[in-house]
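>>> Okay, predicted coordinates and the sequence, questions at the end:
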Amino acid sequence: MSTLAPGRLWEALLARPVPTGVNAALAWTGLGLGVLAAVVVPLPVVPVAKFFVVLAFACFGPGAALLAHVRLGDAVAAWAMTLVLSLSLFALGAAVMVWTANWHPYPELLGYAVVAVLSSTAAFAPALAGRAGLPDGPTAGPLPRQRDRRRGVFYEPADTTRVLPRIPAQRPVAADLRPEERPAERTAVIPRIGPGDVESTQVIKPGVPAAGAGRLAREPVLFQPPAGRPLDLTRWIPRIREPIRETVAEPAPVRQRTGEPWILRLVSVVFGPAFLVSSVLYWTAAVRMSSAAKVGDYGLLQAMHPYFYVALGLCVFGFLVEIARGARRTWLLAGYVVVLILILHATVPSLVYEPEYAWTYKHIGVIELFKARGGIVNVTDIYQAWPTFFATVAQLSAVSGLGTLRIAAWAPVFFDALDCLPLFAIVRSLTDDRRLPYLTVLIFSCLNWVAQDYLSPQAFTYVLALGAVLIMLRWLRRVPGPISVWPRWLARLWKWLHTGLAEVPYVSRRAERAALFTLYVVYLLVVISHQLSPYLVALSATGLVALGLVKSWRIVPILLGISVVYLLPHYDVVDHYGLFNGLNIFSTFLHGTQGVAPDAVGTAGRALSVKLVQILSVLMWGLSALTVLTSRERLGPVAVPATLAFAPFAVMFGQGYGGEAIYRVYLFSVPWCAYLTAAALVSIQGAHGQLTFDRFSRTEVEASRYAYLHLPRDAVLIAPAGNFPAKLTATYGDLDANGDPQNLLNSLPTDRSTITSDDLAAVDSFAQGYRAPAYVILTHSMIAYGHYFGYWRDGMLENLNAAMAKSPDWKVFYQAPDAVVYQYVGG
């Protein structure tokens, strides 16, 4: 019987439809990326080229090979799910390698590549056997038609392929089988073809003859299945190229006036592409004519050439002009979004060679640890307890040969661009206005000032979280209709929330089960990658289910169960960091947006950044709440984004997350508030207003690297402030306190800049208290950090450096232009 298995498998492959359209593109993508990833890595190619090939495979290869066999019904949603599923599967493989301490990056990549090639080739099996392709169309039901609200014109084809009920094999398909005799054992979704150019979808209830939907053709049609295709499979109606008129005469062609101002048309058609090209040229010139040395208390904006603002203005203006014309040129709008991301997030890595933000380097150290050790070394290290993201980047770096520092420097550009695809697909499934998806993505890019897009687990899981929301809103939406739920007030609430809700695509039960399984897989990767993100996703799912916007109440307990099962064995690790402490929501808001305690004194630039981000946050949430209130008579269009925008606030009552919970709440709220608000310049100040101390010179990075590589085992590293590239090597765990620098701030004077003998004695006493080899590191970025936040008087750290250089109890261990490491040699 086993000898028949290959034959049956081949028959099953031949019985599947030939991939066309997006499925064919996915199959070719999986095949091409699989071959490239397997072949390019062993070749003597520059590391950057290898990295981009492997990164492209990690983002699209595995998912494309799998989804080439599934008709998802929408090209944008298909590519978004390809991205999310590929990242999940690739990251899962990396996590398994470090969990089992079986670190073989290239063989694991090669295994993925081989499976992707085989799966993609299997998708082409019907075509290889000479079968003709079936009409390409959505089996999961129609999306809301993308249209121009002002003109009422649909830009999608008037009709696409629909799926009829399955006809059992015992009932042969004959030429005399009339429509009224066709069994209607299940619900069929058939498009209604009317006299106008606006299509609506009619749902035929079970038991109603299919002919009751109105005629699709004048005469019965004989359906002949392709050779080798069983009769009992789902039947297809070929695409109707032109609407069939019933009894309405064809109207005479009339030239319609669009009502579009001629000046708007002239500006868009003639100057639209010119605006895009000009913004790129101005931005490039601004980067070349600017210098990071000019960065001061006001951050990035202070150092930029005026051409920077011209580039930003041209980009936003050109985008809005194209939106005002109905978002007709997709390529131009996508170009504006890409250029905006480059202006907002690629400017800093273009000016500063080393990665931004001190906390980035701690993540680099974990990545280097996995590359060097090939597994988890310290189970009490919170980063190693959630290793998935670090293992993924370690594998990308190991197989490509590209250094982790280079990857980290450009990570914000990568993650911000990645977020746009699933967000675009989500909005596209919620509205029939083709302008809103583009506008939402642009506003999201402008509002995202919280700097959670650096090389971090939260940036990685945010892409997966958007994918989880896409699955729920695209394939698990509740169909509006009669509601039988208890208590009655809940039924009335659900009905109220469904008023005016966009059309819900039809989804078969099999597609729904597949969507649930994929949701749980993606959520599992979120759980094993980050400590806080899973609960924000679960809260969003809870809000959608409780308000009747998503079906299947089982989603919530299963998601929470996955989170708890992984949390329990790691609870001692997170409890040590105080991540689950209760908190005051208002105190957290002030602490989070100010970066330090609310009563701290700093520079005028810091005060400006604090006020701007607080005002931006309040305006964003306030305008969102106002929009919900003004739409109370017709809540359907805003019910989903309103639920997702405000549900994350609930996490702040259970998780403090070291004072950073407000950043995660903002991050998970901003895509949905982006429906309603817009900002650009103020968001730049919020994200890069602290560039004066967030940037690090090469000598600072080298000094930190040298210290972590050459300090003796169990030595303690001391610093006046934690703002330096800490824990960036694989050996950070060999030092005392798991490599975390011990804060010297409380032993230093804050009311004067001079250093007395008593002050130096306090530093000596601090070092002696650890009863271990003690080292103090001083860097230029610490001076900028203390000046910005007002931790000490200007000149104090420079005087401390001079006093330690003269003291016999301290000797220079490492010295560079912007950094120095002292070793304590006193008694």
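Sure thing, it's come through.
>>> Residue ranges in the stretch 51-200 of the chain under the pLDDT threshold?
Where the stretch 51-200 of the chain drops to pLDDT under 70, the residues are 127-200.
>>> What segments of it are strands?
147-148, 153-154, 188-192, 200-204 (DSSP state E, counting those that start in this stretch).
>>> same for the next helix or strand after the last one, what does it pack against?
Okay, so that is strand 200-204. The helix or strand immediately downstream of strand 200-204 is helix 262-288, counting by DSSP states H and E. For helix 262-288, the packing partners by 3 or more CB pairs under 8 Å, 6 or more residues apart in numbering; DSSP states H and E come out as helix 306-324, helix 330-345, helix 347-351. For every residue, glycine as well, the C-beta is placed using N, CA and C.
>>> ok, and for the following helix or strand past the shortest one, which residues are buried?
Tracing the chain past helix 347-351, the next element assigned as helix or strand by DSSP H and E is helix 359-373. Of the residues in helix 359-373, those scored as buried under the neighbour-count criterion (16 or more other CB atoms under 10 Å) are 359-371, 373.
>>> And stretch 289-300, by the same measure?
Buried, per 16+ other CB under 10 Å, within stretch 289-300: 290, 292, 295, 297, 298, 299, 300.
>>> can I get the CA coordinates of it in CSV?
What follows is stretch 289-300, C-alpha atoms only, in CSV (Å, rounded to 0.1, in the frame of the first residue of the first chain):
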residue,chain,number,x,y,z
MET,A,289,25.5,69.2,3.8
SER,A,290,24.6,68.4,7.4
SER,A,291,26.9,67.2,10.2
ALA,A,292,26.2,65.3,13.4
ALA,A,293,28.8,67.5,15.1
LYS,A,294,26.2,70.3,15.0
VAL,A,295,23.7,68.3,17.1
GLY,A,296,22.9,70.1,20.3
ASP,A,297,20.2,70.2,22.9
TYR,A,298,17.5,70.3,20.3
GLY,A,299,18.5,67.1,18.6
LEU,A,300,18.4,66.2,14.9
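>>> quick one on the thing from earlier: any chance of a markdown table for the helices and strands packed on helix 262-288, columns mean neighbour count and mean pLDDT?
As requested, these are exported to a markdown table (neighbours: other CB atoms under 10 Å; pLDDT from 0 to 100):
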| stretch | mean neighbour count | mean pLDDT |
| --- | --- | --- |
| helix 306-324 | 20 | 89 |
| helix 330-345 | 20 | 94 |
| helix 347-351 | 21 | 94 |
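>>> Just put these in a markdown table and tack on distance to residue 823.
Converted to a markdown table, the helices and strands packed on helix 262-288 look like this (distance: least, CB to CB, whole Å):
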| stretch | distance to residue 823 |
| --- | --- |
| helix 306-324 | 44 |
| helix 330-345 | 40 |
| helix 347-351 | 34 |
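>>> Looking at these, which is nearest to residue 108?
Residue 108 lies closest to helix 347-351 among those, at 29.2 Å (CB to CB).
>>> re earlier: biggest separation within the buried residues of helix 359-373, which pair?
359 and 373 (21.8 Å).
>>> Does residue 729 lie in a helix or a strand, and which?
With DSSP H and E as the test, residue 729 turns up in no helix or strand.
>>> Can you give me the distance of residue 551 to residue 518?
16 Å (CB to CB, to the nearest Å).
>>> Between the two, which has more neighbouring residues?
residue 518 (21 against 16; other CB atoms under 10 Å).
>>> for the record, mean pLDDT for the helix or strand harbouring the more buried one?
Residue 518 is located in helix 509-527, with elements delineated by DSSP H and E. The average of the pLDDT scores along helix 509-527 is 92.
>>> Now do the same for residue 450: helix, strand or coil?
coil (DSSP: H, G, I helix; E, B strand; the rest coil).
>>> Quick check on it: phi, psi?
phi -80, psi 0 (degrees, to the nearest 10).
>>> How many residues are close by it?
Residue 450 is flanked by 22 other residues according to other CB under 10 Å.
>>> Residue 419 too?
23.
>>> quick one: which helix or strand includes it?
Per DSSP H and E: helix 411-430 holds residue 419.
>>> I'd like to check the angle between the next helix or strand after that helix and helix 306-324, please.
Where DSSP H and E defines the elements, the next helix or strand beyond helix 411-430 is helix 435-447. Comparing the axes of helix 435-447 and helix 306-324 via axes from the mean of the first three to the mean of the last three CA atoms, to 10 degrees yields an angle of 160 degrees.
>>> what packs against helix 435-447?
Right, helix 435-447 is packed against helix 306-324, helix 330-345, helix 411-430, helix 661-673 by 3+ CB pairs under 8 Å, 6+ apart.
>>> Pick the one among the buried residues of stretch 289-300 closest to residue 479.
Nearest to residue 479 among the buried residues of stretch 289-300, with distances taken as CB to CB, is residue 300, at 48.0 Å.
>>> So the closest one sits against residue 348, correct?
Yes: look at residue 300 against residue 348 with CB atoms under 8 Å: they come within range, at 6.5 Å.
>>> Look at residue 327 and tell me its secondary structure.
coil.
>>> what about it, how many neighbours?
21.
>>> cool, residue 808 as well?
7.
>>> A strand includes it, no?
No: assigned with three-state DSSP, residue 808 falls outside any strand and is coil.
>>> Could I get the contacting residues of the closest residue to residue 89 other than its chain neighbours?
Nearest non-adjacent residue to residue 89, counting by CB to CB, 6 or more residues apart in numbering: residue 62, 4.4 Å away. Shown in contact with residue 62 (CB atoms under 8 Å, 6 or more residues apart in numbering): 30, 85, 86, 89, 90, 112, 115, 116.
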